[in-house]
Every structure is written in structure tokens, then in C-alpha cells.
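Participant: The following comprises the amino acid sequence and a computationally predicted model.
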Amino acid sequence: MDLVVSARNMELSAVARSVIQRKFGTILRQFRDYNDPAEAKIEVRRESTRSAQHQMVVQITVNLAGTLLRAEERAPTVNIATDAAVHALEQQVKRFKGRHFVNIKAKRGSTGESIRETEAARANPEPAAGEDEELATPSGKVVRVKRFAMKPIAVEEAATQMELLGHEFFFFLNGETGQHNVLYRRKDGDYTVIEPAQMYHVCAKMTAMRIYTIGHSNQTLEVFVHLLAEHDIEVLVDVRSAPISSYAPHFNQKELASAFPEVGVKYLYMGHELGGRPEVSDFYDARRRVLYDQVAQSSDFRQGIERLKQGVQQYRIAIMCSEEDPSNCHRRLLVGRVLAMEGMEVSHIRGDGALQTEADLVTLEQSTTKREPQLTLFESAGEYRAWRSTKPIPSASPRGARRTSLKR
């Protein structure tokens with residue numbers, strides 16, 4: 001078995017590590033009957049608590065054939081917390097080996113009833129705890145966020161995992177429906193699965209779709225990378241028609257394509273599809289302003305929009321152009337508007353790191369300028385005839401630009 005001992009918020013001496021490993025070794029023989037290799041992690045950490053009796057925390061996690069066993073105990077010293085955690089884990093191992101935890105189908109007899117709530121139970125749900133009492137204001141706060149990979153499992157397997165972990169509820173990915181469910185133990189000893197209604201599931205997925213915009217301006221590459229990292233951007237989509245900059249050559253396509261993978265950001269050029277300077281002359285009016293309504297209906301533009309919509313479901317994406325201020329930039333007035341019309345939230349990353357929503361930008365514009373009205377993301381499609389670039393733009397072609405893919 002592979003064993004990793006780590007410490008957080010404290011230093012753990014070699015002697016202490018040796019003692020922990022020796023204590024954990026008392027249950028290693030429990031895993032000898034399993035062909036699949038097991039992995040174990042022991043984390044020792046010090047937490048700031050009001051009581052010194054709970055400041056040392058020992059958490060043991062064992063991955064055994066895809067099943068997680070976990071025990072966490074608190075105590076005034078590392079040794080006491082380790083003893084308690086090892087003892088708790090031993091009890092879980094016994095339940096796992098003997099399968100003495102609840103077999104839900106057997107417990108319900110031969111009726112073949114699923115663990116899922118029956119229609120009668122749905123119609124007569126248990127009253128919520130304290131339902132008739134005045135709701136108390138929560139006094140705690142969120143102090144930790146956990147992220148972990150999920151593999152699809154059956155509901156019965158979720159119950160097994162919950163019992164092994166000693167939890168009262170379990171969040172899992174249902175292998176039958178593909179939805180995220182919550183399993184919890186009822187007061188009568190049975191179980192309930194909470195699953196989203198289909199319409200809610202779809203709406204939740206839509207509201208979670210957000211895309212960002214950013215302009216590189218004359219920032220240094222280091223500052224620009226910091227801005228992306230500050231907002232957890234994973235993919236930078238370049239929507240400049242000409243992906244070069246004479247005043248900031250470090251933002252040329254070639255330089256960006258080689259620099260960003262080193263900092264963990266995927267660079268994607270889509271100026272052909274989503275650029276603000278189309279090559280087709282029909283996309284310009286007599287004053288050389290781009291007719292955004294015509295561009296938005298073109299096949300290339302639509303393909304670009306669909307790629308962004310698919311990419312947002314997997315990555316945190318920012319679309320980039322050259323102007324720091326998005327007010328008159330096509331990344332907002334063209335690309336951002338179409339994405340907003342199709343259900344996405346559009347937010348703008350400014351040069352100082354601030355995040356500006358479209359509503360904030362519209363309010364600011366209304367209070368500070370009296371220029372010719374320009375469609376915002378929230379205006380009706382009936383005014384498409386006024387939907388165009390705010391300034392005349394030469395029809396420059398992004399020669400030499402290379403297409404890339406969202407796939408990693």
C-alpha cells in the first residue's frame with residue numbers, strides 16, 4: 001500500500017511521521033486480501049479553535065478498489081488524534097470487509113422497491129426540521145471548498161460509500177441519469193435521493209454559463225497573465241481580426257501561442273470567425289462602419305459562437321481584443337451581445353483587475369456620455385438596423401493567422 005503523510009499549518013518531524021506510520025501499520029493487514037493496490041493519505045493539520053482540545057486534526061483517507069474510506073478526528077495532540085482516527089478507520093474497514101452495513105434492497109424485503117422515493121413519499125414529504133419555528137440566522141461561514149472528480153455510480157453504491165464514510169448525506173453523480181444527486185439517511189433508517197427536476201436541471205446549467213472579455217492594451221505580459229489568473233481564466237480566445245500589435249509586440253499571435261501554455265492557459269485564435277473587421281465588403285455601410293447585424297448572421301460567425309458555447313461548458317473562457325475599455329469594442333458590441341442574447345452572462349475584466357458586468361457598463365455610459373445610441377446587450381432585436389460599429393474601420397485581413405482548437 002502506498003502511504004503519504006502530509007502536514008498543513010504546522011511542521012511534522014521525522015519522528016512524528018514515523019510514529020504515525022507505525023500506528024497506521026496496525027490496520028495494514030486488513031487489506032492483504034485485496035488484489036487491487038490501495039492508496040492511503042494521512043493529513044495532519046493544526047486549526048485555530050477556541051478550545052485547545054480540538055486544535056490538532058488527523059484525517060486518514062484510503063482508496064481501496066475505487067471505494068473511499070475516511071476517518072477524521074480532533075484532539076489536543078497529534079498522537080491522541082491519530083489513535084482515534086486509526087480506531088475509527090478500523091471500524092469502517094470491518095464494515096467494508098464484512099458488508100455488515102445496510103443492504104437496502106434486502107432490508108426492504110423482496111418487494112424490489114428501489115432506494116428512490118416512492119410516489120407516495122414524494123406526495124407526503126417529511127416536514128423540514130424546525131419548520132414551525134422561526135428560522136435562525138446562520139452564525140457560521142464557509143471556511144472550506146472541496147473539489148473532487150466524480151465517477152458515475154449507482155444509487156446503491158452511493159449508499160455504500162456514505163456508510164463507509166460515516167456521513168449523514170452523500171453527493172454523487174448518478175450513473176443511471178447522469179445528474180448530480182444527494183443521498184441522505186431518513187429518521188426511520190431508510191434513504192432518500194434528492195434529484196433536480198428536469199427543467200431546473202436545464203436552467204441551472206444555463207445560468208452557470210458565463211464568459212469574460214478582456215483587452216490587452218499596452219499591458220506587460222506579466223500583468224496580463226496576472227489578470228487572467230486572478231479570474232481563473234483557463235482559455236483565452238483571441239478575436240482580433242489582425243492578431244498583431246505594433247505597440248505591444250508581445251501580444252502578437254505567435255508570441256501568445258508559445259507563452260500561454262507555460263502558465264497553464266490555452267490560447268485559441270478565432271479572429272477568422274469572430275473578428276471585428278470582416279473581409280467581405282457587403283458587411284460595411286457607406287461610412288465604412290461594420291454592419292454587425294449582417295456579420296452576426298454569417299455562417300463563419302455562427303460557427304464561432306457555437307464553439308464558444310460548447311467551450312464554456314468545460315472551461316472558464318475570456319475573449320480578448322486590443323482595447324482595454326470594452327465600451328466601443330466589437331468583443332462587447334458584437335460577440336458579447338450575441339452570447340448574451342443566447343443565455344450567457346457576459347462580464348468584462350478591466351485593466352485594474354475589476355470585474356464589470358454589462359449592466360454596470362450601461363449605467364456608467366448613461367451617466368457619463370451623450371454619444372449616438374448604440375445597442376446594448378439588453379436591447380431588442382427589432383433595432384438591428386442600428387447595430388453597427390461606432391467608428392469607421394478599414395477592412396484589414398488577418399494574414400498569417402493560424403486556427404487552433406478548443407480541444408486539449
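Facilitator: Yes, it's here. Numbers count the residues shown, from 1 in each chain.
Participant: Wait, residue 60 touches residue 92, no?
Facilitator: No - counting by C-beta atoms under 8 Å, residue 60 does not reach residue 92; the two are 9.7 Å apart. Every C-beta, even on glycine, is put in place using the N, C-alpha and C of the backbone.
Participant: Which of these two has more residues huddled nearby?
Facilitator: More neighbours surround residue 60 than the other of residue 60 and residue 92, with 26 against 22 (other C-beta atoms under 10 Å).
Participant: a strand runs through that one, doesn't it?
Facilitator: Yes - judged by DSSP: H, G, I helix; E, B strand; the rest coil, residue 60 forms part of a strand.
Participant: partner residues bridging it?
Facilitator: As for beta bridges, residue 60 partners with residue 42, residue 71 under DSSP bridges.
Participant: Show the contacting residues for it.
Facilitator: 24, 40-42, 70-72, 85-86, 89 (C-beta atoms under 8 Å, 6 or more residues apart in numbering).
Participant: would CSV of those residues with neighbour count and pLDDT be doable?
Facilitator: Listed next are the contacts of residue 60 as CSV, based on neighbours: other C-beta atoms under 10 Å; pLDDT from 0 to 100:
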residue, neighbour count, pLDDT
24, 21, 84
40, 21, 85
41, 15, 89
42, 23, 92
70, 19, 84
71, 22, 87
72, 17, 89
85, 25, 89
86, 20, 89
89, 23, 86
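Participant: Kindly indicate which of these lies nearest residue 349.
Facilitator: residue 41 (36.4 Å; C-beta to C-beta).
Participant: Pull up the gap between that closest one and residue 354, please.
Facilitator: 39 Å (C-beta to C-beta, to the nearest Å).
Participant: go on, residue 95?
Facilitator: 52 Å.
Participant: Looking at these two, which one has more neighbours?
Facilitator: Each of residue 95 and residue 354 has its neighbours counted (other C-beta under 10 Å); residue 95 has more, 16 against 9.
Participant: The more buried one sits in which helix or strand?
Facilitator: Using DSSP states H and E, the element containing residue 95 is helix 78-98.
Participant: how about that helix: buried residues?
Facilitator: Neighbour counts over helix 78-98 (16 or more other C-beta atoms under 10 Å) mark 78, 81-86, 88-89, 92-93, 95-96 as buried.
Participant: Would you convert the residues you listed into CSV that also reports distance to residue 178?
Facilitator: Shown next, in CSV, are those (distance: C-beta to C-beta, whole Å):
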residue, distance to residue 178
78, 43
81, 39
82, 40
83, 42
84, 39
85, 35
86, 38
88, 34
89, 32
92, 29
93, 32
95, 29
96, 27
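Participant: out of everything not next to it in sequence, what's closest to residue 276?
Facilitator: The shortest distance from residue 276 to any non-neighbouring residue, by C-beta to C-beta, 6 or more residues apart in numbering, is to residue 330 (3.1 Å).
Participant: Next, count neighbours for that neighbour.
Facilitator: For residue 330, the neighbour count with other C-beta under 10 Å is 25.
Participant: show me what contacts it?
Facilitator: Taking C-beta under 8 Å, 6+ apart as the test, what residue 330 contacts is 239, 275-276, 290, 292, 321, 389.
Participant: out of the residues you listed, which is most surrounded?
Facilitator: Among the contacts of residue 330, residue 275 has the most neighbours (other C-beta under 10 Å), with 30 neighbours.
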